[in-house]
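Student: Just need the structure, nothing else, for what follows:
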Amino acid sequence: MSIVVENLTKYYGEQAAVHDVSFEVKKGEIVGFLGPNGAGKSTTMKIITGYVPSTKGNVKVCGKNVTVDSLDTRRLIGYLPEHNPLYLDMYVKEYLQFVGNLYKVKNVKERVAEMIKAVGLEVEQNKKIGMLSKGYRQRVGLAQAIIHDPEVLILDEPTSGLDPNQLVEIRDLIKKIGKEKTVMLSTHTMQEVEAICDRVVIINKGEIVADGKTSELSQTDEMVTVYAEFEGHVSKNLLGKIKGVRKVEKVQDGWLIEGPKTANLRKDVAQFAQENKLLVLTLRVEEKRLEEVFKSLTKA
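Tutor: Below is the predicted model:
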(Lines give C-alpha, C1' and ligand atoms only; values in the text may rest on other atoms or scores of the structure.)
Protein backbone atom coordinates (compact mmCIF):
# COMPACT_ATOMS: atom_id res chain seq x y z
CA MET A 1 0.00 0.00 0.00
CA SER A 2 1.22 3.51 -0.82
CA ILE A 3 -0.73 5.17 2.01
CA VAL A 4 -1.88 3.46 5.21
CA VAL A 5 -3.79 5.51 7.80
CA GLU A 6 -4.55 3.68 11.05
CA ASN A 7 -6.79 5.04 13.83
CA LEU A 8 -5.69 8.60 13.16
CA THR A 9 -6.78 11.20 15.72
CA LYS A 10 -5.91 14.89 15.96
CA TYR A 11 -6.96 17.24 18.75
CA TYR A 12 -6.68 21.01 18.71
CA GLY A 13 -7.08 21.77 22.40
CA GLU A 14 -10.12 19.78 23.47
CA GLN A 15 -11.66 19.68 19.99
CA ALA A 16 -11.12 16.60 17.80
CA ALA A 17 -10.50 17.69 14.19
CA VAL A 18 -10.01 14.03 13.18
CA HIS A 19 -11.20 11.03 15.22
CA ASP A 20 -10.13 7.40 14.70
CA VAL A 21 -9.76 7.68 10.91
CA SER A 22 -8.49 4.61 9.00
CA PHE A 23 -8.12 3.96 5.25
CA GLU A 24 -5.61 2.70 2.69
CA VAL A 25 -4.64 3.83 -0.82
CA LYS A 26 -3.01 1.48 -3.32
CA LYS A 27 -0.32 2.37 -5.84
CA GLY A 28 -1.77 3.60 -9.13
CA GLU A 29 -5.04 4.63 -7.47
CA ILE A 30 -6.60 8.10 -7.66
CA VAL A 31 -8.70 8.70 -4.55
CA GLY A 32 -11.02 11.63 -3.97
CA PHE A 33 -11.03 12.76 -0.34
CA LEU A 34 -14.30 14.60 0.22
CA GLY A 35 -16.06 16.35 3.04
CA PRO A 36 -17.78 19.63 3.96
CA ASN A 37 -15.78 22.58 5.29
CA GLY A 38 -14.27 21.78 8.67
CA ALA A 39 -14.71 18.01 8.25
CA GLY A 40 -11.00 17.25 8.74
CA LYS A 41 -9.80 16.86 5.13
CA SER A 42 -6.91 19.33 5.20
CA THR A 43 -5.84 18.23 8.70
CA THR A 44 -5.64 14.60 7.55
CA MET A 45 -3.65 15.57 4.46
CA LYS A 46 -1.23 17.69 6.51
CA ILE A 47 -0.64 14.75 8.85
CA ILE A 48 0.00 12.37 5.93
CA THR A 49 2.53 14.80 4.44
CA GLY A 50 4.26 15.31 7.81
CA TYR A 51 3.39 19.01 8.16
CA VAL A 52 1.24 18.47 11.25
CA PRO A 53 1.80 15.79 13.94
CA SER A 54 -1.04 13.48 14.92
CA THR A 55 -2.31 13.12 18.49
CA LYS A 56 -2.85 9.37 18.12
CA GLY A 57 -2.60 6.75 15.39
CA ASN A 58 -0.13 5.90 12.64
CA VAL A 59 0.44 6.95 9.03
CA LYS A 60 2.71 5.06 6.65
CA VAL A 61 3.77 6.18 3.18
CA CYS A 62 5.29 3.44 1.01
CA GLY A 63 5.95 1.42 4.15
CA LYS A 64 7.68 4.22 6.06
CA ASN A 65 6.21 5.75 9.21
CA VAL A 66 5.60 9.49 8.70
CA THR A 67 6.55 10.30 12.32
CA VAL A 68 9.64 8.10 12.55
CA ASP A 69 10.97 8.60 9.00
CA SER A 70 9.84 12.18 8.43
CA LEU A 71 12.52 13.23 5.92
CA ASP A 72 12.37 9.98 3.95
CA THR A 73 8.59 10.13 3.60
CA ARG A 74 8.69 13.78 2.49
CA ARG A 75 10.99 12.78 -0.36
CA LEU A 76 8.33 10.29 -1.46
CA ILE A 77 5.48 12.83 -1.38
CA GLY A 78 4.49 15.68 -3.66
CA TYR A 79 2.17 18.13 -1.89
CA LEU A 80 -0.02 20.94 -3.18
CA PRO A 81 -1.66 22.67 -0.16
CA GLU A 82 -5.09 24.31 -0.31
CA HIS A 83 -3.58 27.79 0.00
CA ASN A 84 -0.80 27.46 -2.54
CA PRO A 85 2.30 29.07 -0.91
CA LEU A 86 4.61 30.55 -3.56
CA TYR A 87 7.47 33.07 -3.62
CA LEU A 88 5.75 35.80 -5.60
CA ASP A 89 8.96 37.75 -6.30
CA MET A 90 10.62 34.78 -7.99
CA TYR A 91 10.36 33.97 -11.69
CA VAL A 92 8.57 30.73 -12.62
CA LYS A 93 11.70 28.96 -13.91
CA GLU A 94 13.77 30.32 -11.02
CA TYR A 95 11.29 29.07 -8.42
CA LEU A 96 10.97 25.58 -9.93
CA GLN A 97 14.75 25.30 -10.15
CA PHE A 98 14.97 26.36 -6.50
CA VAL A 99 12.49 23.63 -5.47
CA GLY A 100 14.29 21.09 -7.65
CA ASN A 101 17.59 21.89 -5.94
CA LEU A 102 15.97 21.44 -2.52
CA TYR A 103 15.04 17.91 -3.56
CA LYS A 104 18.49 17.42 -5.14
CA VAL A 105 16.94 16.66 -8.52
CA LYS A 106 19.50 15.56 -11.11
CA ASN A 107 19.62 17.55 -14.39
CA VAL A 108 17.36 20.11 -12.71
CA LYS A 109 17.19 22.50 -15.71
CA GLU A 110 15.94 19.73 -17.98
CA ARG A 111 13.44 18.62 -15.33
CA VAL A 112 12.15 22.20 -14.91
CA ALA A 113 11.63 22.47 -18.68
CA GLU A 114 9.78 19.15 -18.63
CA MET A 115 7.47 20.29 -15.81
CA ILE A 116 6.76 23.64 -17.48
CA LYS A 117 5.61 21.81 -20.60
CA ALA A 118 3.65 19.21 -18.63
CA VAL A 119 1.49 21.78 -16.80
CA GLY A 120 1.21 24.26 -19.69
CA LEU A 121 3.38 27.10 -18.38
CA GLU A 122 5.43 27.73 -21.55
CA VAL A 123 3.92 31.16 -22.24
CA GLU A 124 4.31 32.32 -18.62
CA GLN A 125 7.65 30.73 -17.71
CA ASN A 126 9.66 33.98 -17.85
CA LYS A 127 7.26 35.97 -15.67
CA LYS A 128 7.38 36.60 -11.94
CA ILE A 129 4.91 34.40 -10.06
CA GLY A 130 3.27 37.50 -8.58
CA MET A 131 2.25 38.57 -12.11
CA LEU A 132 0.41 35.32 -12.85
CA SER A 133 -3.33 34.69 -12.67
CA LYS A 134 -4.65 32.36 -9.96
CA GLY A 135 -4.98 29.55 -12.50
CA TYR A 136 -1.36 29.81 -13.60
CA ARG A 137 -0.17 30.04 -10.00
CA GLN A 138 -2.01 26.79 -9.40
CA ARG A 139 -0.07 25.25 -12.29
CA VAL A 140 3.19 26.39 -10.72
CA GLY A 141 2.09 24.74 -7.47
CA LEU A 142 1.34 21.50 -9.27
CA ALA A 143 4.69 21.62 -11.07
CA GLN A 144 6.60 22.01 -7.79
CA ALA A 145 4.65 19.10 -6.31
CA ILE A 146 5.77 16.67 -9.01
CA ILE A 147 9.21 18.03 -9.95
CA HIS A 148 11.05 15.45 -7.81
CA ASP A 149 9.05 12.56 -9.32
CA PRO A 150 7.34 11.52 -6.06
CA GLU A 151 5.66 8.15 -5.46
CA VAL A 152 2.65 9.77 -3.79
CA LEU A 153 0.87 12.99 -4.76
CA ILE A 154 -1.34 14.82 -2.22
CA LEU A 155 -3.43 17.57 -3.82
CA ASP A 156 -5.67 19.88 -1.77
CA GLU A 157 -8.10 21.66 -4.14
CA PRO A 158 -5.76 21.25 -7.18
CA THR A 159 -8.07 22.85 -9.76
CA SER A 160 -9.13 25.87 -7.71
CA GLY A 161 -9.22 29.00 -9.87
CA LEU A 162 -8.81 27.25 -13.23
CA ASP A 163 -10.97 28.09 -16.24
CA PRO A 164 -12.88 25.27 -18.06
CA ASN A 165 -10.08 24.68 -20.60
CA GLN A 166 -7.42 24.57 -17.88
CA LEU A 167 -9.62 22.21 -15.86
CA VAL A 168 -9.63 19.64 -18.64
CA GLU A 169 -5.85 19.91 -19.12
CA ILE A 170 -5.04 19.54 -15.40
CA ARG A 171 -7.54 16.67 -15.01
CA ASP A 172 -5.85 14.85 -17.89
CA LEU A 173 -2.46 15.48 -16.30
CA ILE A 174 -3.61 14.10 -12.92
CA LYS A 175 -5.08 11.01 -14.63
CA LYS A 176 -1.81 10.47 -16.50
CA ILE A 177 0.19 10.78 -13.27
CA GLY A 178 -2.24 8.41 -11.53
CA LYS A 179 -1.40 5.56 -13.91
CA GLU A 180 2.06 5.25 -12.40
CA LYS A 181 1.73 6.87 -8.97
CA THR A 182 -0.67 7.25 -6.07
CA VAL A 183 -2.84 10.37 -6.08
CA MET A 184 -5.02 11.59 -3.24
CA LEU A 185 -6.96 14.79 -3.85
CA SER A 186 -9.61 16.85 -2.11
CA THR A 187 -12.12 19.02 -3.91
CA HIS A 188 -15.62 20.46 -3.57
CA THR A 189 -16.36 19.79 -7.26
CA MET A 190 -18.19 16.48 -7.54
CA GLN A 191 -17.94 16.40 -11.35
CA GLU A 192 -14.17 16.52 -10.95
CA VAL A 193 -14.19 13.46 -8.69
CA GLU A 194 -16.47 11.56 -11.06
CA ALA A 195 -14.17 12.46 -13.97
CA ILE A 196 -10.81 11.40 -12.53
CA CYS A 197 -11.12 9.39 -9.29
CA ASP A 198 -11.15 5.60 -9.00
CA ARG A 199 -12.45 5.73 -5.46
CA VAL A 200 -14.03 8.13 -2.98
CA VAL A 201 -13.45 8.53 0.76
CA ILE A 202 -15.91 10.84 2.50
CA ILE A 203 -15.17 12.37 5.89
CA ASN A 204 -17.69 14.22 8.04
CA LYS A 205 -17.15 15.75 11.50
CA GLY A 206 -13.72 14.13 11.68
CA GLU A 207 -14.89 10.59 10.93
CA ILE A 208 -15.01 8.46 7.75
CA VAL A 209 -18.63 7.99 6.67
CA ALA A 210 -18.06 6.29 3.29
CA ASP A 211 -15.27 4.58 1.35
CA GLY A 212 -15.71 2.98 -2.07
CA LYS A 213 -16.29 3.49 -5.77
CA THR A 214 -18.89 6.06 -6.79
CA SER A 215 -21.20 3.34 -8.12
CA GLU A 216 -20.87 1.39 -4.86
CA LEU A 217 -21.69 4.47 -2.77
CA SER A 218 -24.80 5.06 -4.85
CA GLN A 219 -26.02 1.56 -4.08
CA THR A 220 -25.82 2.15 -0.33
CA ASP A 221 -28.71 4.60 -0.52
CA GLU A 222 -31.96 3.06 0.76
CA MET A 223 -34.10 5.07 -1.69
CA VAL A 224 -34.54 4.76 -5.46
CA THR A 225 -35.78 7.45 -7.87
CA VAL A 226 -37.77 6.86 -11.06
CA TYR A 227 -38.17 9.44 -13.83
CA ALA A 228 -41.58 9.18 -15.50
CA GLU A 229 -43.10 11.16 -18.35
CA PHE A 230 -46.75 10.74 -19.36
CA GLU A 231 -48.86 11.96 -22.25
CA GLY A 232 -51.56 14.21 -20.89
CA HIS A 233 -52.13 15.74 -17.46
CA VAL A 234 -51.42 13.90 -14.22
CA SER A 235 -51.44 15.47 -10.75
CA LYS A 236 -48.76 15.32 -8.07
CA ASN A 237 -51.32 14.13 -5.51
CA LEU A 238 -52.34 11.22 -7.72
CA LEU A 239 -48.72 10.12 -8.24
CA GLY A 240 -48.20 10.32 -4.49
CA LYS A 241 -50.76 7.54 -4.04
CA ILE A 242 -48.58 4.99 -5.87
CA LYS A 243 -47.58 2.14 -3.55
CA GLY A 244 -44.43 2.97 -1.54
CA VAL A 245 -43.92 6.48 -2.95
CA ARG A 246 -42.30 8.88 -0.46
CA LYS A 247 -41.64 11.93 -2.63
CA VAL A 248 -42.83 13.35 -5.96
CA GLU A 249 -41.16 16.28 -7.74
CA LYS A 250 -42.05 17.97 -11.07
CA VAL A 251 -39.07 18.41 -13.43
CA GLN A 252 -39.51 19.93 -16.89
CA ASP A 253 -41.83 17.58 -18.83
CA GLY A 254 -41.76 14.72 -16.35
CA TRP A 255 -41.75 13.64 -12.71
CA LEU A 256 -39.15 12.35 -10.24
CA ILE A 257 -40.79 9.72 -8.07
CA GLU A 258 -38.90 8.43 -5.02
CA GLY A 259 -39.52 5.32 -2.97
CA PRO A 260 -37.71 2.61 -0.97
CA LYS A 261 -35.21 0.42 -2.85
CA THR A 262 -36.97 -2.68 -1.51
CA ALA A 263 -40.05 -1.84 -3.62
CA ASN A 264 -40.24 -2.42 -7.38
CA LEU A 265 -41.02 1.25 -7.97
CA ARG A 266 -40.63 1.20 -11.76
CA LYS A 267 -43.13 -1.65 -12.04
CA ASP A 268 -45.55 0.08 -9.66
CA VAL A 269 -45.42 3.31 -11.71
CA ALA A 270 -46.10 1.35 -14.91
CA GLN A 271 -49.05 -0.40 -13.26
CA PHE A 272 -50.35 2.97 -12.03
CA ALA A 273 -50.24 4.33 -15.59
CA GLN A 274 -52.12 1.30 -16.92
CA GLU A 275 -54.83 1.56 -14.26
CA ASN A 276 -55.30 5.28 -14.97
CA LYS A 277 -55.18 4.82 -18.77
CA LEU A 278 -52.08 6.99 -19.12
CA LEU A 279 -49.64 6.61 -21.99
CA VAL A 280 -46.08 6.33 -20.67
CA LEU A 281 -43.56 8.27 -22.79
CA THR A 282 -40.51 7.71 -20.54
CA LEU A 283 -39.91 5.48 -17.54
CA ARG A 284 -36.43 4.91 -16.14
CA VAL A 285 -34.58 4.46 -12.86
CA GLU A 286 -32.39 7.49 -12.16
CA GLU A 287 -28.81 6.78 -11.15
CA LYS A 288 -27.80 8.60 -7.97
CA ARG A 289 -25.20 11.29 -8.57
CA LEU A 290 -22.23 11.59 -6.25
CA GLU A 291 -23.46 15.02 -5.17
CA GLU A 292 -26.71 13.51 -3.88
CA VAL A 293 -24.86 10.73 -2.05
CA PHE A 294 -22.49 13.30 -0.53
CA LYS A 295 -25.38 15.45 0.71
CA SER A 296 -27.18 12.50 2.31
CA LEU A 297 -24.02 11.33 4.10
CA THR A 298 -22.89 14.74 5.39
CA LYS A 299 -26.15 16.47 6.26
CA ALA A 300 -26.42 17.77 9.83
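Student: Find the residue closest to Thr67 in space, skipping its chain neighbours.
Tutor: Distances taken as CB to CB, 6 or more residues apart in numbering put Pro53 closest to Thr67, at 6.9 Å, once the chain neighbours are dropped. Bear in mind the C-beta positions are built from the backbone N, C-alpha and C, glycine included.
Student: SS state for the one you found?
Tutor: coil (DSSP: H, G, I helix; E, B strand; the rest coil).
Student: ditto for Asn84
Tutor: Assigned with three-state DSSP, Asn84 falls in the coil class.
Student: who's in contact with it?
Tutor: 137-138, 140-141 (CB atoms under 8 Å, 6 or more residues apart in numbering).
Student: Next: Ile77.
Tutor: So Ile77 contacts 48-50, 61, 150-154 (CB under 8 Å, 6+ apart).
Student: out of these, which are inside strands?
Tutor: Of the contacts of Ile77, the ones assigned to strands by DSSP state E are 61, 152-154.
Student: neighbour-wise, which of those residues leads?
Tutor: In terms of neighbours by other CB atoms under 10 Å, the ones in strands among the contacts of Ile77 top out with Val61 at 28 neighbours.
Student: and the gap between that one and Ser42?
Tutor: Look at Val61 and Ser42: by CB to CB, to the nearest Å, they are 17 Å apart.
Student: remind me, longest helix of this protein?
Tutor: As assigned by DSSP state H, the longest helix anywhere in the chain is helix 164-178.
Student: tell me what it is packed against?
Tutor: strand 30-34, helix 134-146, strand 152-156, strand 182-186, helix 190-196 (3 or more CB pairs under 8 Å, 6 or more residues apart in numbering; DSSP states H and E).
Student: how about JSON lines for the ones you listed, with mean pLDDT and distance to Asp20 added?
Tutor: Formatted as JSON lines, the helices and strands packed on helix 164-178 follow (pLDDT from 0 to 100; distance: least, CB to CB, whole Å):
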{"stretch": "strand 30-34", "mean pLDDT": "94", "distance to Asp20": "16"}
{"stretch": "helix 134-146", "mean pLDDT": "91", "distance to Asp20": "29"}
{"stretch": "strand 152-156", "mean pLDDT": "94", "distance to Asp20": "21"}
{"stretch": "strand 182-186", "mean pLDDT": "93", "distance to Asp20": "19"}
{"stretch": "helix 190-196", "mean pLDDT": "84", "distance to Asp20": "24"}
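Student: I'd like the ones you listed as JSON lines, with distance to Val245 appended.
Tutor: Output for the helices and strands packed on helix 164-178, formatted as JSON lines (distance: least, CB to CB, whole Å):
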{"stretch": "strand 30-34", "distance to Val245": "30"}
{"stretch": "helix 134-146", "distance to Val245": "46"}
{"stretch": "strand 152-156", "distance to Val245": "42"}
{"stretch": "strand 182-186", "distance to Val245": "37"}
{"stretch": "helix 190-196", "distance to Val245": "27"}
